[in-house]
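Asks: Next input, structure requested:
(one chain, ligands or ions: 1)
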Amino acid sequence: MVKAVVGANWGDEGKGKITDMLGESADIIIRFQGGANAGHTIINDYGKFALHTLPSGVFYSHTTSIIGNGVALDIPRLFGEIQSIVEKGVPMPKILVSDRAQIVMSYHKNFDAYEEERLGGKSFGSTKSGIAPFYSDKYAKIGFQVSELFDDELLKEKTVRVAEQKNVLLEHLYHKPLIDPADLYKELKEYKEMIEPYVCDVSLFLYNALKEGKEILLEGQLGSLKDPDHGIYPMVTSSSTLAGYGAIGAGIPPYEIKQVITVCKAYSSAVGAGAFVSEIFGEEADELRRRGGDGGEFGATTGRPRRMGWFDCVASRYGCRLQGTTDVAFTVLDVLGYLDEIPVCVGYEIDGKVTKDFPTTHLLEKAKPVLETLPGWKCDIRGIKKYEDLPENCRNYIEFIEKEIGYPITMISNGPGRKDIIYRNK
Ligand code: GDP
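Replies: Just a heads-up that it's a prediction; the model follows:
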């Protein structure tokens, strides 16, 4: 049985916490897309961790953590992350890396930075982790697959071919130092040393695991609105953030995904550029940012302050629909306890007309939020375990949003810890 944990919005919804929590009963946890450009924050008995590459299952000794073929594999980052958790006392996790995953090269990171520099003020707000150049190369068929590290002849020939192609851009577009194929070859040999113990035919491993009835969790990065096809193109990421892609990025049949748990945060936040209809500014935003998440809404990878906004029902309904949501996990609700009133975005006004359907980017740029204001509950809801014990206004907020988005909220997270969760049977 396969469950997917994915985001409904712009990312940072609290997927790490939900995956960590559901990991308790999972045998295998898989990252199926994205790279080290976003992070999950996890708080457990070992401490507080920001994971960028490792799946959130690494803290359990009973789970196997897998980096699927769909991931942008940053080998030194993965290596560093394994070391850092082991140093903090976490037992060495069981990790497998797909032999079909492709490798983020040092030049991908350089190209990412060069392109941001070239675009200046028109940049996409990249984290410069090399993700866009990596996926471009993957689909241009000049990427390095993990399996290729074990074919020396191929590496010698391909490093020359790749350097030739990259050097045209480096010389004429970016005016930066050229790549020496010998350095590329050396880099790849180092990566081989680091990754060799983990390499595995992951789709075969999962095929067997499914036959044995194992429970598998797919862990998504970012959210629906950052999907390259269905998100706010071009302010999107470079790999699909949707549960459907989990089948491809892990190598399992699509029909095995029985549950899609879409994580929605009780308010909105976004990083990077792009339309953000329910965005708030000034002191109102600063206060929510300061109180948000666990210790403030600042990027787990970059430390950048996140853009803040009220809950957006239009974006979330769309985000849940594209994920194929079976369950919504509604997170970070405890943070809103300070507000007298809580605005919620229930529609978009575009050219004088109100819609509840999420539009394509050029229309989205024109959208103004239609807000409805709900009464706050003005107390701390942390520690509450039963839905009935939540204050009435808090339940009303949840039920209002559930009706607007049209998908069942079956989990409510009222704190950053593993145990801060309220299950609700629907
Ligand atoms: P992810 O990328 O989707 O995993 O999200 P992030 O880890 O970037 O952001 C979630 C932040 O909120 C982290 O700092 C979590 O520890 C924290 N968090 C998750 N759930 C809750 C919750 O219910 N309440 C509070 N206060 N913080 C939470």
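Asks: name the helices or strands packed onto the helix or strand of the chain with the lowest mean pLDDT?
Replies: The weakest-scoring helix or strand in the chain, judged by mean pLDDT, DSSP states H and E, is strand 40-44 (a mean of 77). Using 3 or more C-beta pairs under 8 Å, 6 or more residues apart in numbering; DSSP states H and E as the contact criterion, the neighbours of strand 40-44 among helices and strands are helix 15-22, strand 47-51. The way it works is simple: take the backbone N, C-alpha and C, and place the C-beta from them, glycine included.
Asks: all helices for the stretch 151-300 of the chain, in order.
Replies: 152-169, 181-195, 202-211, 243-250, 282-291 (DSSP state H, counting those that start in this stretch).
Asks: Would you mind saying which of those helices lies nearest T41?
Replies: Set against T41 and scored by C-beta to C-beta, the helices of the stretch 151-300 of the chain come closest in helix 282-291, at 15.1 Å.
Asks: Buried residues, the closest one. List them.
Replies: Of the residues in helix 282-291, 285, 288-289, 291 count as buried by neighbour count, 16 or more other C-beta atoms under 10 Å.
Asks: swap in stretch 214-228?
Replies: Along stretch 214-228, the positions that meet the burial threshold by neighbour count (16+ other C-beta under 10 Å) are 214-227.
Asks: cool, stretch 111-131 as well?
Replies: Buried residues in stretch 111-131, counted by 16+ other C-beta under 10 Å: 111-116, 124, 126-131.
Asks: Kindly indicate which of the residues you listed lies nearest the ligand.
Replies: Using C-beta to the nearest ligand atom, T127 is the member of these that sits closest to the ligand, with 12.8 Å.
Asks: How about the closest one: what's its closest non-neighbour residue?
Replies: Distances taken as C-beta to C-beta, 6 or more residues apart in numbering put N37 closest to T127, at 4.4 Å, once the chain neighbours are dropped.
Asks: What separation do you get for the one you found and P234?
Replies: With distances defined as C-beta to C-beta, to the nearest Å, the gap from N37 to P234 amounts to 16 Å.
Asks: Of all the helices and strands packed on strand 40-44, which one is nearest N393?
Replies: helix 15-22 (24.1 Å).
Asks: The closest one near the ligand anywhere?
Replies: Yes. With C-beta under 6 Å from any ligand atom as the measure, helix 15-22 is seen reaching the ligand through 15-17.
Asks: Kindly reformat those as CSV containing pLDDT and neighbour count.
Replies: Written out in CSV, the entries for the residues of helix 15-22 next to the ligand read as follows (pLDDT from 0 to 100; neighbours: other C-beta atoms under 10 Å):
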residue, pLDDT, neighbour count
K15, 91, 27
G16, 87, 26
K17, 90, 29
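Asks: Flag the shaky bits of the stretch 101-250 of the chain, pLDDT-wise.
Replies: Scanning the stretch 101-250 of the chain for pLDDT under 70 picks out 124-126.
Asks: Just want the residue of it that's nearest the ligand.
Replies: Closest point on the stretch 101-250 of the chain to the ligand, by C-beta to the nearest ligand atom, is Q221, at 7.1 Å.
Asks: mind checking how far that residue is from A285?
Replies: 25 Å.
Asks: out of everything not next to it in sequence, what's closest to L51?
Replies: With C-beta to C-beta, 6+ apart as the measure, H40 is the residue that lies nearest to L51, at 5.0 Å, once sequence neighbours are left out.
Asks: In contact with the one you found, which residues?
Replies: Residues touching H40, when contacts are defined by C-beta atoms under 8 Å, 6 or more residues apart in numbering, comprise 15-17, 19, 50-52, 56, 221, 300.
Asks: Try it again at 6 Å.
Replies: With contacts defined as C-beta atoms under 6 Å, 6 or more residues apart in numbering, the neighbours of H40 are 16, 51, 56.
Asks: Give me the pLDDT for T301.
Replies: On the pLDDT scale, T301 is placed at 64.
Asks: And for R304?
Replies: 82.
Asks: again with G47
Replies: Confidence per residue is given as pLDDT, and for G47 that number is 86.
Asks: For the ligand, see how far away it is.
Replies: 12 Å (C-beta to the nearest ligand atom, to the nearest Å).
Asks: Count residues in the vicinity of that residue, would you?
Replies: Other residues lying near G47 total 12 when counted by other C-beta atoms under 10 Å.
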